[in-house]
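*Asks:* Below is the sequence, then the predicted model.
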Amino acid sequence: MHDLTLTELRMVHFKNHTSIDFSFSPKLNAIVGINGAGKTTILDAIHVLCMTKSYFHNSDFHNIQFNAPFFVLEGEMRANDIVTPIYCGLKKGEKKVFKTDDGEYTKLSDHLGRFPVVMISPYDRNLITDGSEARRKFMNSVIAQSNKKYLEALLAYNRALSQRNALLKYFAANRTFDESMLDLYNDQLVSNSKIIYSARLSFVEDFEPVLKKYYGWMAGDKEIVGIEYKSSLHEKDLDVLLKQNIDKDRVLQYTSKGIHREDLVFKLHGEQLNRVGSQGQQKSFVVALKLAVFDSLKNSLRVKPILLLDDIFDKLDAIRVEGLIRLVNEHHFGQIFITDTHTERTEFMMKSVNEEAKVIDLSS
């Protein structure tokens, strides 16, 4: 088990930062300032260097500063006394360049899991309020960082799914049908779904007790939470489901059954959290969920991920805030980045918990 630390960060034309450099503490780092100062942008830059993409935008071009022709991110990661430089650059109209000292990546997926990171953000409430796609993305992002076979199977499954759906649309548009043409894609969906389904089953089974532990710390032991994995593959294999639903798929012109339709159900006292949970309970659940992700990655990769806490103290009382800072300052966690608008409060609490904590004030 070793710690992972980002020692240096340089940003050029990344979102609202024109050109800025930072050096960080190996443990606690607080980034403070008014709203709009670019606190969250710094956390997102760290996320890009770890995960090759923004936490908030699907399109890389949204990260280029307004009216600028490009953005560049550079960082130095230290693990086991080995320093690795990371570079990410994007020019408008060109392909993103991502490289380390090993050279430029031909497949960005090869970078996943090398420098694990966990982000906790106000935007995470979409995991509770949005549709199933948000929760599948959550599951995929966690498992893929430590399971290369899962990532390969997921990419192959999605390719086959896209091709099968295109074929169903072709059949409908041309008023023709040839089931044997679907068999090639069916076989690919079935073989890859087995790998994905098995990994998701194991993930949820291992994940739930850790989630309960952290939620118990956040909200007390009187509130019982849980997580349920919903899948049509619980009852039948995918090859059976595809055959049974072929008439339905022809009408819909897309594949109605498979691991791309699965979901996670978050529960409070046996009921769906989004129906019975208060705003505070939902926020506590999301924080606990992400801290459980930290444990999952730490145990599978044997490295402490970088923890990014974006404005999570909003709507938490001062005692809870200090308790959370004390929790993440424990040896169990590694390097941590926290954003907050309350400069004096944050600096006081950070220094009282850890004298080596670094406070970066973007207001000055």
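*Replies:* The structure has been received and is ready for your questions. Owing to the predicted nature of the structure, the values given are computational and were not obtained by experimental measurement.
*Asks:* Point out where the chain drops to low pLDDT.
*Replies:* Low-confidence segments of the chain, defined by pLDDT under 70: 314-323, 325, 364.
*Asks:* mind checking the longest strand of it?
*Replies:* The residue-count maximum for a strand in the chain (DSSP state E) belongs to strand 2-14.
*Asks:* What's the first helix or strand after the strand or helix carrying Gly75?
*Replies:* If you go by DSSP states H and E, Gly75 is part of strand 70-79. Once the chain leaves strand 70-79, the next helix or strand it forms, by DSSP H and E, is strand 82-91.
*Asks:* now the angle from that following strand to strand 70-79?
*Replies:* 170 degrees (axes from the mean of the first three to the mean of the last three CA atoms, to 10 degrees).
*Asks:* which of the residues in strand 82-91 are buried?
*Replies:* Ile86, Tyr87, Cys88, Gly89, Leu90 (16 or more other CB atoms under 10 Å). The C-beta positions use only the backbone N, C-alpha and C, and glycine is treated the same way.
*Asks:* For it, which helices and strands make contact with it?
*Replies:* If contacts are counted by 3 or more CB pairs under 8 Å, 6 or more residues apart in numbering; DSSP states H and E, strand 82-91 sits against helix 39-51, strand 70-79, strand 97-100.
*Asks:* In the sheet, which strands lie alongside the second one, parallel or antiparallel?
*Replies:* Pairing partners of strand 70-79, with direction, according to DSSP bridges: strand 2-14 (antiparallel), strand 82-91 (antiparallel).
*Asks:* which residues does the residue nearest to Gln163 when sequence neighbours are not counted contact?
*Replies:* Spatial nearest neighbour of Gln163, excluding adjacent residues (CB to CB, 6 or more residues apart in numbering): Tyr185 at 5.4 Å. Tyr185 makes contact with Ala160, Leu161, Gln163, Arg164, Leu167 under the criterion CB atoms under 8 Å, 6 or more residues apart in numbering.
*Asks:* switch the cut-off to 6 Å
*Replies:* Contact analysis of Tyr185 by CB atoms under 6 Å, 6 or more residues apart in numbering lists Ala160, Gln163, Arg164.
*Asks:* Buried only: go through the residues you listed for me.
*Replies:* Buried subset of the contacts of Tyr185 (neighbour count, 16+ other CB under 10 Å): Ala160, Arg164.
*Asks:* Redo the contacts of Tyr185 as CSV? Include distance to Lys283.
*Replies:* CSV is the format used below for the contacts of Tyr185 (distance: CB to CB, whole Å):
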residue, distance to Lys283
Ala160, 38
Gln163, 41
Arg164, 40
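*Asks:* Of the contacts of Tyr185, which is the nearest to Met51?
*Replies:* Nearest to Met51 among the contacts of Tyr185: Ala160, at 24.7 Å, using CB to CB.
*Asks:* mind checking how far that closest one is from Gln244?
*Replies:* From Ala160 across to Gln244, the span is 19 Å (CB to CB, to the nearest Å).
*Asks:* Nearest the middle, which residue of the chain would you pick?
*Replies:* Nearest to the geometric centre of the chain sits Ser141, at 5.1 Å (CA atoms, centre = their mean).
*Asks:* Would you agree Ala292 is in contact with Leu211?
*Replies:* Yes. Look at Ala292 against Leu211 with CB atoms under 6 Å: they come within range, at 4.4 Å.
*Asks:* what about the helices in the stretch 151-300 of the chain?
*Replies:* Taking DSSP state H, counting those that start in this stretch as the criterion, the stretch 151-300 of the chain carries its helices at 179-219, 238-244, 246-252, 273-276, 279-301.
*Asks:* what residues does stretch 4-24 touch?
*Replies:* Residues outside stretch 4-24 that contact it (CB under 6 Å, 6+ apart) are 26, 38, 41, 45, 63, 65, 68, 71-79, 303, 306, 334-335.
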